[in-house]
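> Any chance you could fold what I've pasted below:
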Amino acid sequence: MSTTERRETVPDAAAPAAGSQAVRETLEDYTLRFAPRSYRRWTPMVVATTALGGIAYMADFSIGAGIGLAHGTGNALLAIAVAAVVIFVTGFPLAYYGARYNIDLDLITRGSGFGYYGSVLTSVIFASFTFIFFALEGSIMAQGLNLGLGLPLWLGYAVSTLMVIPLVVYGMKALSRLQVWTTPVWLLLMVGPLVYLVAQDPGTVDRFLAYAGTDGDGAVDTASVMLGAGVCLSLIAQIGEQIDYLRFMPPKTAANRRAWWTAVVMAGPGWVVLGALKQAIGVFLAVYVLAEAGPAAAPEPIRQFRGAFDAMMPSWAVIPLAVVLVVISQIKINVTNAYSGSLAWTNSFTRVTRHYPGRMVFVLVNLGFALVLMEADMFSFLSGVLGFYSNCAIAWVVTVATDIGVNKYVLGLSPLRPEFRRGMLHAVNPVGVVAFVAASGLSIAMYFRLLGDGLQPYSPVAAALIAFVLTPLTAVVTQGRYYLRRTDDGIGEPLLDGDGNPSAATFDCHVCHQPYERPDLTACLTHDAVVCSLCLSTDKTGEHVLPAAAG
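Here you go, the predicted model:
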C-alpha cells in the first residue's frame, strides 16, 4: 500500500471509548508512546537542565551519611565511587536509546530482551522505585517542616504528598519551567555552606577523612564497601526518570551533534556524578554535625544543613533557609517521582487489561503507596529497604544495558532499531526475562543470607554479573528468535530518516482519527489504513493487530 493511501483517515465505528480517552489524556506530553518530532521543540541544553533538575533530591545526603556513619569515610567514599561507575556505564546505552529514538525506558525494555508483556515486570519495579523515593523525599520534607514550622510529622507527610498533585497534573511543559527556574537557587543553597565550612575551618576536612564509623576501625574493608555500594546502587533506576525527559531531545544532526551528545551524557548517565558528590557531602555534613545532633539525627538533611547554615549566618536566618532548601529540593524531585511513577503504572495496567484508566488515577495510587510508607516511618529503616530493592533494580538495568551494548552491537542477535508496538513483538522474550528473574532472585537470596552470611555483602555484584552473563548467553541459546514477532509493519515509508532519526512523516490513525508520526504506527489487519500504538494497546479484540510473520 502506498504512503498516500495510508494518509487517509478511515472511520472505525468500533473505536473503543478507552482508546479515545487515552488519546485525549496522552497528547499533552505523549505519555505511553513515542514522542514525535513536532512536539520536541526544546534545545538540548533545556532538556538537559530539566532532566538534571529532577535529581535535586536530598536522599543522597542521607544515603551517604548512613553509609559513612556505619562504615567510616574511607569505605563510604569507595562504595560511592564503585556504585557511580556501575551506574554511569549501564546508564549510557539506555540514555542514548531514549534520546536517539525518543522513547521512555519501558518502551526500550520491551524491545531489548523482555517482549511486549514481559516488560510489565520491570515497569512494576520502576513504579516501586518512584514511590519508595517519593516516600523518602517526603519524609525529609516533613522533617524540615517539623523543625521549621513545628508541624507534626504525620501532617508533614500529608502536606508533602498533597502539594505535588497540582504540579504533576501537567507534563513536560510545566515541569521544564519548574526545574529551570528553581535550579540556580537550589545550587546556591546547597554549595554555599559547604564552601564556607571548608574555607573557614580546614580542619573539618581532616576530621571527615579520619572518621572511622561505628562498625569498624576505619580500615578499608571489601565487605563494607560492597554493602555501601549496594545501598547506593538502589539509585540505578534513576536513569528511567532521566529518560522520561531525554526522550524529548531534538533530532541529532551534524549541526547540533556536539550539544546533543553533551546533553545526553550530562543528563543521562552523568546525573550520577552530581549524585555521588551529594552522597560524599552527606558523609561530610553528618560527621560535622555528629557531636551536636547524635548518630540518629545526623543522617537527616535538615539537621545537616541547619548545622552548616548555623556556622555562616545569623541564628534567625538558619532554620528558614534550611527549610527553604529542603522544600525546593523535595518539590523538584517529587513532581518527577509522581509523574514517572504514574506513567509506569498506567503503562503496565493498559497493556495487561487493554483499558486506559487515566494517568491521574495512578498519580493518586503512587502517592497513596508513598504516604503509607512515610506514615510507617520508612526513613528509620532506609538502608534495609534500599539494599533489598537495589538487587531488582540492578538486575533490570544491567539486563537492558547488556542487551543494547552486547546483543545488539556485538552479537547482532537483537535488532538495532528499538521496537515497542503490539503485534511486532513477542509477548515474552526469554532473553531478558530469564536474565532478570535469575539475577534478581539469586541476589535477593544472598541479601537475606539464604546462601550464607559471607555472601550477603556481595548481592549487588551477583545481580550485575548474573544479568551481564545470562543476557547474551540466553540470546545465543535462543538465536534471537524471540525479539520480533514480525519484521514488517506494513507501512512503506522508512522508519528512520537519512540522519538515522525517527521519521517525521505523519499518518492518521483510523481508530482515534489523530495524526501521528511514522514510528508510532503499524498497518491495520482489518482495514486499509494505519493504527497508532496506543489504540493497538487498548484493542480488546485484537482486530487491528498484525499477525505473526517472518517478514
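> Verify the contact between residue 310 and residue 318 for me.
Yes: Residue 310 lies in contact with residue 318 (CB atoms under 8 Å); the separation is 4.9 Å. The way it works is simple: take the backbone N, C-alpha and C, and place the C-beta from them, glycine included.
> Would you map the helices across the stretch 51-200 of the chain?
In the stretch 51-200 of the chain, the helices defined using DSSP state H, counting those that start in this stretch lie at 59-71, 73-101, 105-109, 120-149, 153-162, 165-168, 172-200.
> doesn't residue 463 make contact with residue 398?
Yes: with contacts counted by CB under 8 Å, residue 398 reaches residue 463, the gap being 7.2 Å.
> Need the residues touching each of these two.
residue 439 (CB atoms under 8 Å, 6 or more residues apart in numbering).
> okay, and for the protein, where does confidence drop off?
1-29, 31, 54, 167-183, 215-218, 379, 382-383, 550-551 (pLDDT under 70).
> host element of residue 433?
When secondary structure is defined by DSSP states H and E, residue 433 falls within helix 430-447.
> should've said residue 332
helix 315-353.
> quick one, that helix and helix 59-71 angle?
100 degrees (axes from the mean of the first three to the mean of the last three CA atoms, to 10 degrees).
> Okay, buried residues for helix 315-353 please.
Within helix 315-353, the residues that count as buried by 16 or more other CB atoms under 10 Å are 318-319, 321-351.
> list the contacts for residue 468?
398, 402.
> Quick check: the gap between it and residue 479.
Distance, residue 468 to residue 479, using CB to CB, to the nearest Å: 20 Å.
> Need the nearest residue in space to the spatially most central residue of the chain, chain neighbours excluded.
Geometric centre of the chain, nearest residue: residue 240, 2.5 Å, by CA atoms, centre = their mean. Spatial nearest neighbour of residue 240, chain neighbours left out: residue 105 (4.2 Å); criterion: CB to CB, 6 or more residues apart in numbering.
> likewise residue 201?
residue 311 (7.9 Å).
> again, but for residue 458
residue 226 (5.5 Å).
> What is the helix or strand in which that neighbour is found packed up against?
Taking DSSP H and E as the criterion, the element that holds residue 226 is helix 222-232. Packing partners of helix 222-232 (3 or more CB pairs under 8 Å, 6 or more residues apart in numbering; DSSP states H and E): helix 59-71, helix 73-101, helix 382-402, helix 459-478.
> Now do the shortest one: which elements does it pack against?
Meaning helix 59-71. helix 73-101, helix 120-149, helix 222-232, helix 271-293, helix 301-310, helix 382-402.
> again, 6 Å this time
Applying 3 or more CB pairs under 6 Å, 6 or more residues apart in numbering; DSSP states H and E, one finds that helix 59-71 contacts helix 73-101, helix 222-232, helix 271-293.
> Could you export those as CSV, including mean neighbour count and distance to residue 57?
Listed next are the helices and strands packed on helix 59-71 as CSV, based on neighbours: other CB atoms under 10 Å; distance: least, CB to CB, whole Å:
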stretch, mean neighbour count, distance to residue 57
helix 73-101, 23, 15
helix 222-232, 23, 14
helix 271-293, 22, 9
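> about what we covered before: pretty sure the residue nearest to residue 240 is in contact with residue 243, am I right?
Yes: here residue 105 lies in contact with residue 243, judged by CB atoms under 6 Å, at a distance of 4.9 Å.
> who has more neighbours, those two?
Using other CB atoms under 10 Å as the criterion, residue 105 and residue 243 rank with residue 105 on top: 31 against 26.
> So what touches stretch 403-420?
93, 97, 101, 107-108, 110-113, 425, 471-472, 475, 480, 483 (CB atoms under 6 Å, 6 or more residues apart in numbering).
> and it, how far from the chain's centre?
21 Å (CA atoms, centre = their mean, to the nearest Å).
> got it, and stretch 268-280?
14 Å.
> circling back to that earlier point, which one, of the helices and strands packed on helix 59-71, ends up nearest to residue 384?
Of all the helices and strands packed on helix 59-71, it is helix 222-232 that lies closest to residue 384, at 9.2 Å by CB to CB.
> C-alpha coordinates for the helix or strand following that closest one, PDB please?
Next helix or strand after helix 222-232 toward the C-terminus (DSSP H and E): helix 238-246. What follows is helix 238-246, C-alpha atoms only, in PDB (Å, rounded to 0.1, in the frame of the first residue of the first chain):
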ATOM      1  CA  GLN A 238      17.100   6.800  38.400                       C
ATOM      2  CA  ILE A 239      18.100   6.600  34.700                       C
ATOM      3  CA  GLY A 240      14.400   5.800  34.000                       C
ATOM      4  CA  GLU A 241      13.400   9.200  35.300                       C
ATOM      5  CA  GLN A 242      16.200  10.900  33.300                       C
ATOM      6  CA  ILE A 243      15.000   9.200  30.100                       C
ATOM      7  CA  ASP A 244      11.500  10.500  30.800                       C
ATOM      8  CA  TYR A 245      13.000  13.900  30.000                       C
ATOM      9  CA  LEU A 246      15.700  12.800  27.500                       C
END
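> now the angle from helix 238-246 to helix 315-353?
Using the same axes, to 10 degrees: helix 238-246 against helix 315-353 is 90 degrees.
> what's the angle between helix 238-246 and helix 382-402?
60 degrees.
> and residue 255, how many neighbours does it have?
8.
> and the helices and strands packed on helix 222-232 as JSON lines, adding distance to residue 220?
Below are those laid out as JSON lines (distance: least, CB to CB, whole Å):
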{"stretch": "helix 59-71", "distance to residue 220": "9"}
{"stretch": "helix 73-101", "distance to residue 220": "5"}
{"stretch": "helix 382-402", "distance to residue 220": "19"}
{"stretch": "helix 459-478", "distance to residue 220": "17"}
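> Tell me which of those sits nearest to residue 525.
Between the helices and strands packed on helix 222-232, helix 73-101 lies closest to residue 525; by CB to CB that is 25.1 Å.
> And what about residue 508, helix, strand or coil?
strand (DSSP: H, G, I helix; E, B strand; the rest coil).
> Count the residues that sit near it.
When neighbours are defined as other CB under 10 Å, residue 508 has 19 of them.
> And residue 253, by the same measure?
10.
> Count residues in the vicinity of the residue nearest to it when sequence neighbours are not counted, would you?
Once flanking residues are discounted, residue 253 sits nearest to residue 499: 5.8 Å by CB to CB, 6+ apart. For residue 499, the neighbour count with other CB under 10 Å is 9.
> do residue 525 as well
Counted with other CB under 10 Å, residue 525 comes out at 15.
> what residues are up against it?
Contacts of residue 525 by CB under 6 Å, 6+ apart are 544, 546.
> for it, helix, strand, or coil?
coil.
> List phi and psi for it.
phi -70, psi -40 (degrees, to the nearest 10).
> quick one: residue 308 and residue 195 touch, right?
No: applying CB under 6 Å as the test, residue 308 and residue 195 come out as separate, 10.2 Å apart.
> quick one on the thing from earlier: residues in contact with the helix holding residue 226?
By CB under 6 Å, 6+ apart, helix 222-232 touches 63, 67, 71, 75-76, 78-80, 82-83, 383, 386-387, 390, 457-458, 460.
> same thing with stretch 301-315?
58, 61, 140, 143-144, 147, 193, 196-197, 285, 289, 293, 297, 318, 321-322, 325-326.
> Much appreciated, bye for now.
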